[in-house]
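Peer 1: Coordinates for the following, if possible.
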Amino acid sequence: MMHMTFYWGKNVTVLFDFWKTDSWTSYALTLFVSFLFSVFYQYMEDRRLRFRIAGSSSSPGSNKANPADAPLIRSAGGRRVSAARMTGALLFGISSAVGYLLMLAIMSFNAGVFIAVVVGLAVGYLFFRSGGDDDLVVVGNSCACA
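Peer 2: Numbering: from 1, shown residues only. Alright, predicted model coming up:
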């Protein structure tokens, strides 16, 4: 039976039926893998944002008006699918997939998995996304989730 509240214990099923832990060794390995995937998620987010910032600053029309003044609905005319846009979409897809898998892992309701994911996200943020002046916020997107 699936737990619907947080619980502590070494017996947990994470994401797939074949990923079950029944010993402390397999449980510790599961926590370590959850931690690594969380760090990887922050790395992918950092790469995606840096790629987006680099792409927007090197674009030929980068001296446009303030993005806050842009209309809410832009026409799709004239936008070509370029290698940079495809790469950005690929990075976004990978980052989103890893994020959703982390969310589903947390939904196992095992407190150890929850802590491993949260600590991994914090460590990944510390290593990859908490730089000095390099921390630029992409203002062009009004969506809080991206």
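Peer 1: Contacts for whichever strand or helix holds Val118, please.
Peer 2: Assessed by DSSP states H and E, Val118 sits inside helix 111-124. Contacting residues not belonging to helix 111-124 are listed as 6-8, 12, 14, 27, 30-32, 34-43, 102, 105-106 [CB atoms under 8 Å, 6 or more residues apart in numbering]. For every residue, glycine as well, the C-beta is placed using N, CA and C.
Peer 1: Check which helices and strands the top helix by length along the chain is in contact with.
Peer 2: Of all segments of type helix in the chain, defined using DSSP state H, the longest is helix 24-57. Applying 3 or more CB pairs under 8 Å, 6 or more residues apart in numbering; DSSP states H and E, we find helix 24-57 packed against strand 20-21, helix 83-106, helix 111-124.
Peer 1: Give me the sheet partners of the shortest one and which way each runs.
Peer 2: This points to strand 20-21. strand 12-13 (antiparallel) (DSSP bridges).
Peer 1: what mean pLDDT does the partner strand have?
Peer 2: For strand 12-13, mean pLDDT rounds to 90.
Peer 1: Provide a list of residues in contact with Glu45.
Peer 2: So Glu45 contacts 95, 128-129 (CB under 8 Å, 6+ apart).
Peer 1: sorry, back to before: distance from the chain centre to the longest helix of the chain, please.
Peer 2: Computed by CA atoms, centre = their mean, to the nearest Å, the chain-centroid distance of helix 24-57 equals 7 Å.
Peer 1: Pull out the buried members of the contacts of helix 111-124.
Peer 2: 12, 14, 27, 30-31, 34-35, 37-43, 102, 105-106 (16 or more other CB atoms under 10 Å).
Peer 1: What is the burial count for the closest residue to Trp19 other than its chain neighbours?
Peer 2: Leaving aside its chain neighbours, Trp19 sits nearest to Thr13 (6.5 Å; criterion: CB to CB, 6 or more residues apart in numbering). Neighbours of Thr13 under the rule other CB atoms under 10 Å: 15.
Peer 1: before we move on, back to that, using a markdown table, please lay out the helices and strands packed on helix 24-57 together with mean pLDDT and distance to Leu49.
Peer 2: What follows is these, written out as a markdown table (pLDDT from 0 to 100; distance: least, CB to CB, whole Å):
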| stretch | mean pLDDT | distance to Leu49 |
| --- | --- | --- |
| strand 20-21 | 92 | 34 |
| helix 83-106 | 90 | 9 |
| helix 111-124 | 96 | 13 |
